[in-house]
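> Sequence plus the predicted model coming up.
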Amino acid sequence: MIRQGKLVKAFEEFYPRALLNRLQCADYAGDKPHSGWLLHIFRMDGWMLFHPLRHLLAMRFLGYTAETFFGHTPIAYAPFGDGPYPCLNPASDHYREPVIDTCAFAYHYGQKALIGTFACDCGFVYRRRGPEQSPDERLIYSSVAEFGSVWHERLSILWQDGSLTVEDIGKRLGVSNHAAYGQAIRLGLPRLRPGYAHPLSSPSQELVPIDAAQRAKQALARRKAEWVRERDAHPGITGKELREKLPSVYKSIQKCDPAWLKDETPPTPRTYVPSSPTTKDWTDTDRVVADAVREAAARLLTAPDYPRQAFHKRIAIEAGYFATIAAQTDNLPLTKAALDKVAETRENYIKRKITWASARYREEQSYPSISRFRQRINVQATDDNEQFRGDIEEAVRSLEAAFPYSEPLIPPH
Ligand SMILES: [Zn+2]
């Protein structure tokens, strides 16, 4: 399926008008809808013939040379990036390790999305929506297609452990308690887990503990053991780090036995200790840091390299006082005022990039198409950036007027 309006518009932005005029190819869109050579080429209307130049323009527009287009170096479409992909089976011994070499993908019309299927040798098969925006997405699946034997084996072992709730089991296997329960029933595991019984008074399927207090005690002991084991396995770990490692364990012990937790938790040293917080006079420091901030911002704004936005944090780092500013904001009023004054808005930053790119093209004595200009400054034609459209077009027009005959016929890769 071809979205004709979008195709014509993208083509328009890709090639400068002047170039198409010179090649006598400017009638690509035609006078009426569904006419024009561009659409006919894309629809592969076999009965129509076109000048080879037009085919070359269409290929180049798609990012091919004639050579790559005709298959000397086929370009594979990889909407989920390159493998190997991680196995996401928490029951396996290779959880999150990149062990799956390939993935299959297909467009799913019901979900209106591209769906990738990833199958591991351990039997675990998961699906993920695509295309992939960033490799971070690889550790999350959209759904599980198949749990597999390794996962099911682990479930039957955990199912026999009376000190675990179904919720605990689900957590360990990466699913909800409902899913864990459902899979257990499908496997034919006993509905009555050790330590549970149906209440005699209730006909419902609700499971209640025989001895809730006993079970709670067991669970607490297990969590305490886990806390100590993790702490001893990492000598030098701070209390804060340990808490972040085992958030749910921390929470439940804190609720039942905070005194024990206090005794068994390693100390967390403070990361910043002011030498004498009440007496130190910050006035001189403030003046020095404020000057450094102004100089750093000036450096960032005038650097000849690809522009980087001068926002608060980057200026503070560039000035070499990031830690001081972060810890002592209240004591550094001059610095704070200087930062607020010199920090760059996004609008200003993009305008600066446009100026920067124009200067580079002038040095190179060439003019680009609008889309190549956008690429160079990394400002896509989205609604967000609508306000810069005029500036970009103006910049390209003025370059085109300055260097009308410089555009290479085939833009370099
Ligand atoms: Zn696996």
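Yes, it's here.
> Determine how far the last residue of stretch 134-143 lies from the first.
One end of stretch 134-143 to the other measures 19 Å (CA to CA, to the nearest Å).
> buried ones in it?
Glu137, Arg138, Tyr141 (16 or more other CB atoms under 10 Å). All C-beta atoms are positioned from the backbone trio N, CA, C, and that covers glycine.
> Quick check: closest non-adjacent residue to the last one.
Closest residue to Tyr141 apart from its sequence neighbours, by CB to CB, 6 or more residues apart in numbering: Tyr126 at 3.8 Å.
> The first one too?
Leaving aside its chain neighbours, Glu137 sits nearest to Arg128 (7.1 Å; criterion: CB to CB, 6+ apart).
> Closest to the mean position in this protein, which residue would that be?
The centroid of the chain falls nearest to Ser134 when counting by CA atoms, centre = their mean (4.4 Å).
> sorry, back to before: bridging residues for the residue nearest to Tyr141?
Beta bridges link Tyr126 to Phe118, Val144, judged by DSSP bridges.
> gap between it and Ala184?
Tyr126 sits 20 Å away from Ala184, taking CB to CB, to the nearest Å as the criterion.
> now swap in Gln365 and tell me
With distances taken as CB to CB, Gln365 is found 72 Å from Ala184.
> just to revisit the earlier point, would you say the residue nearest to Glu137 is within a strand?
Yes: counting by DSSP: H, G, I helix; E, B strand; the rest coil, Arg128 is part of a strand.
> got the residues of this protein near the ion?
Residues of the chain found near the ion (CB under 5 Å from the ion) are Cys87, Asn89, Ser92, Cys120, Cys122, Phe124.
> for those residues, which one is nearest Ser35?
Cys120 (51.3 Å; CB to CB).
> among the helices and strands of this structure, which has the poorest mean pLDDT?
Scoring the helices and strands of the chain by mean pLDDT, DSSP states H and E places strand 208-209 at the bottom, with a mean of 47.
> Can you name the next helix or strand after that strand?
Following strand 208-209 in sequence order, the next helix or strand is helix 212-233 (DSSP states H and E).
> buried sites along that next one?
For helix 212-233, by 16+ other CB under 10 Å, it's Arg215, Ala219, Leu220, Arg223, Lys224, Trp227, Arg231.
> what packs against the very next helix or strand once past it?
Later in the chain than helix 212-233, the nearest helix or strand by DSSP H and E is helix 239-245. Helices and strands touching helix 239-245, by 3 or more CB pairs under 8 Å, 6 or more residues apart in numbering; DSSP states H and E, are helix 212-233.
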